[in-house]
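> Predicted model follows, preceded by the sequence.
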Amino acid sequence: MYKIIRLSIFSLLFFVSASCSYATCPHNPPPPMGWNSYNWFGLDINEKVISDAIDALVSTGLRDMGFDHIIIDGGWRGDTLNADGTIPINLERFPNGIKVLIDKAHQNGLKVGIHTCPGIKDCAGRTVGGYGNEEVHLKQLIELEVDYIKLDCCGCQRIPGTTPEEIFTKWRKLLDETGTDIFLSGSAGFSIKPETWKERVPYVFDMCRTTGDIACYAISEARFDGDGKNNSIMQIADINNRMASVAGNGYWNDPDMMVIGDPALTYEEQEAHMALWCIMTAPLILGNDPSNMGETERKLLFNEEVIAVDQDPTEQGRKIKVDGKTEIWLKNLADGSKAVILLNRDTTAQNIKLGAGDMDMNGAFLARDIFKKEDLGAFDGIFQAEVAPHGVKFLKITN
């Protein structure tokens, strides 16, 4: 399904990265879509939370829109490793274990991801990490029949005698040796800066975090932008944008789970968030409560034209122009058209101009509003629009 052909990643790594391009690499699946428990529920999860989420992904139609992964984040483990080195399940929260939920998800056409840590401890300080028990933990996860592993580097950068790169590479090697097609997601943005080993990241992970945790409902509240807004949507997007050249050929940068549905965000801010994640070809992993979605969430998550931009695996789109507090972002699409965002980071409405030259085009072009699914007509080299505070115009441009 997701497994990338890696030709001897240790001996041929630099040969492959130099000789393989978007045009020549045959394996270029789009980023995954789904739901993760952490941004809404934090570590306060249990059997009912996960079971209800499975039901909601099916009953709301999210699964049929492509949100077909359910990822169980931290909170499912006990406090210390079992005597045989396996990961303990918190039986107070999950009295029937984890396998029953995995089976239920599979029976409902969903793929299942699970959060684990390759260091000594997990993110909550429990001594349940996989360091020194990698083979045992991988065997356990395979027997659980997971489809996706979220490998979170909590504390793994502080283990004497090794590095996060070595730890993650060992997991990749062991996973490849099993012959399974389990998707490997790395959460390492705070411990490894991918630009320092960007030739290797795509051959270790199928997707990898490029940033710290996005501010979210479970921990504080989501934030859009502004001074002092650490881990805001825009701070995360700016960091992820710097890694655009690494993405592609089946590997995708991960700017973290989404915060669509967070009550701290305006509609315009959520619209901008959705457009940015799509133009960056980011994994669309929801962090809402799928059992209680509002109209805003439904409007954004059930727009097939918006989703199509994200799932087009041509490249990761990027920021191409900054003018004060307005920006233009662009992604080249497989059909020769371009997805474009006119973004207003100001707190007042701004008029933003898009010229053919901004997009390396000549002459007239056609524009379509992706959110509204509305053709806007032909423009003789210039398109301009007033954009609301913290809002966007999300366009598809064709010759």
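Cool, the structure landed. Residues are numbered from 1 along each chain as shown.

> low-scoring stretches of the stretch 251-399 of the chain, by residue?
The model of the stretch 251-399 of the chain has no residue with pLDDT under 70.

> Mind jotting down where the strands sit in it?
252-254, 284-286, 318-323, 326-332, 338-344, 350-355, 365-369, 374-379, 382-387, 392-398 (DSSP state E, counting those that start in this stretch).

> Residue 44 is nearest to which of those?
When those are compared by CB to CB, strand 284-286 sits nearest residue 44, at 17.5 Å. (C-beta placed from N, C-alpha, C; glycine too.)

> list the helices and strands that closest one packs on?
Secondary-structure packing of strand 284-286 (3 or more CB pairs under 8 Å, 6 or more residues apart in numbering; DSSP states H and E): strand 33-36.

> Quick check: next helix or strand after the strand it packs on?
For strand 33-36, the succeeding helix or strand toward the C-terminus, using DSSP states H and E, is helix 38-41.

> What is the subsequent helix or strand relative to that next one?
Past helix 38-41, the next helix or strand by DSSP H and E is helix 47-59.

> returning to what we had before: winner for burial among the strands of the stretch 251-399 of the chain?
strand 252-254 (a mean of 28; mean count of other CB atoms under 10 Å).

> between the strands of the stretch 251-399 of the chain, which gets nearest to residue 28?
Taking the strands of the stretch 251-399 of the chain one by one with CB to CB, strand 252-254 is closest: 10.0 Å.

> That closest one pairs with which strands?
Strand 252-254 has the following strand partners under DSSP bridges: strand 207-209 (parallel).

> contacting residues around residue 380?
Contacts for residue 380 (CB atoms under 8 Å, 6 or more residues apart in numbering) come out as 363, 364.

> make it 7 Å
residue 364 (CB atoms under 7 Å, 6 or more residues apart in numbering).

> Backbone dihedrals for it, both of them.
Taking degrees, to the nearest 10, you get phi -90, psi 70 for the backbone angles of residue 380.

> measure it to residue 393 for me?
Residue 380 is 18 Å from residue 393, where distance means CB to CB, to the nearest Å.

> Over to residue 253?
Per CB to CB, residue 253 is found 24 Å from residue 393.

> hang on, the earlier thing: may I see the strands of the stretch 251-399 of the chain arranged in a markdown table, with distance to residue 40 as well?
Formatted as a markdown table, those follow (distance: least, CB to CB, whole Å):
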| stretch | distance to residue 40 |
| --- | --- |
| strand 252-254 | 18 |
| strand 284-286 | 9 |
| strand 318-323 | 29 |
| strand 326-332 | 27 |
| strand 338-344 | 26 |
| strand 350-355 | 32 |
| strand 365-369 | 30 |
| strand 374-379 | 32 |
| strand 382-387 | 29 |
| strand 392-398 | 24 |
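
> can you tell me which of those comes nearest to residue 101?
strand 284-286 (17.6 Å).

> centre of the chain versus the closest one, how much separation?
Strand 284-286 sits 6 Å away from the centroid of its parent chain (CA atoms, centre = their mean, to the nearest Å).

> For that strand, give me every contacting residue.
33, 34, 35, 36, 67, 71, 257, 258, 260, 277, 310.

> Which neighbours in the sheet does that strand have, and how are they oriented?
strand 33-36 (parallel).

> Can I get the partner strand in CSV? Just the C-alpha atoms.
Output of strand 33-36 as CSV, limited to C-alpha atoms (Å, rounded to 0.1, in the frame of the first residue of the first chain):
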residue,chain,number,x,y,z
MET,A,33,-5.6,11.3,5.6
GLY,A,34,-7.4,10.4,8.9
TRP,A,35,-7.9,11.3,12.5
ASN,A,36,-5.6,11.3,15.5
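
> Tell me the backbone dihedrals of the residue positioned nearest the centre of the chain, please.
By CA atoms, centre = their mean, the chain has its centre lying nearest to residue 283, at 3.1 Å. Note on residue 283: its backbone torsions stand at phi -60, psi 130 [degrees, to the nearest 10].

> For residue 87, find the nearest of the strands of the stretch 251-399 of the chain.
strand 284-286 (21.8 Å).

> Off-centre distance for stretch 53-73?
The answer for stretch 53-73 is 15 Å, by CA atoms, centre = their mean.

> What is the linear distance spanned by it between its boundary residues?
13 Å (CA to CA, to the nearest Å).

> repeat for stretch 368-387
Termini of stretch 368-387 sit 15 Å apart (CA to CA).

> next one: stretch 78-95
12 Å.

> List the contacts of that stretch.
45-47, 75-77, 97-98, 116, 126-128, 133, 136-137, 140.

> confidence score at residue 189?
pLDDT for residue 189: 59.

> so which of the strands of the stretch 251-399 of the chain comes closest to residue 268?
strand 392-398 (7.7 Å).

> So which elements touch the closest one?
Applying 3 or more CB pairs under 7 Å, 6 or more residues apart in numbering; DSSP states H and E, we find strand 392-398 packed against helix 267-279, strand 338-344, strand 365-369.

> Not counting its own residues, what contacts the last one?
Taking CB under 7 Å, 6+ apart as the criterion, the residues outside strand 365-369 that touch it are 356, 374-379, 383, 395-399.

> Which of those sits closest to residue 186?
Closest to residue 186 out of these is residue 396 (31.7 Å), distances taken as CB to CB.

> so what's the closest one up against?
337, 339, 368, 370.

> quick one: it and residue 372, what's the gap?
Taken as CB to CB, the span from residue 396 to residue 372 is 11 Å.

> Repeat that for residue 71.
Taken as CB to CB, the span from residue 71 to residue 372 is 31 Å.

> okay, those two: which has more neighbours?
Taking other CB atoms under 10 Å, residue 71 and residue 372 do not tie; residue 71 has more neighbours (26 against 12).

> Is the more buried one bridged to anything, and to what?
Taking DSSP bridges as the rule, residue 71 bridges to residue 36, residue 113.

> I'd like the contacts of residue 396 as a markdown table, with distance to residue 155 appended.
Converted to a markdown table, the contacts of residue 396 look like this (distance: CB to CB, whole Å):
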| residue | distance to residue 155 |
| --- | --- |
| 337 | 45 |
| 339 | 39 |
| 368 | 47 |
| 370 | 41 |
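
> So which of those residues is the closest to residue 104?
residue 370 (34.8 Å).
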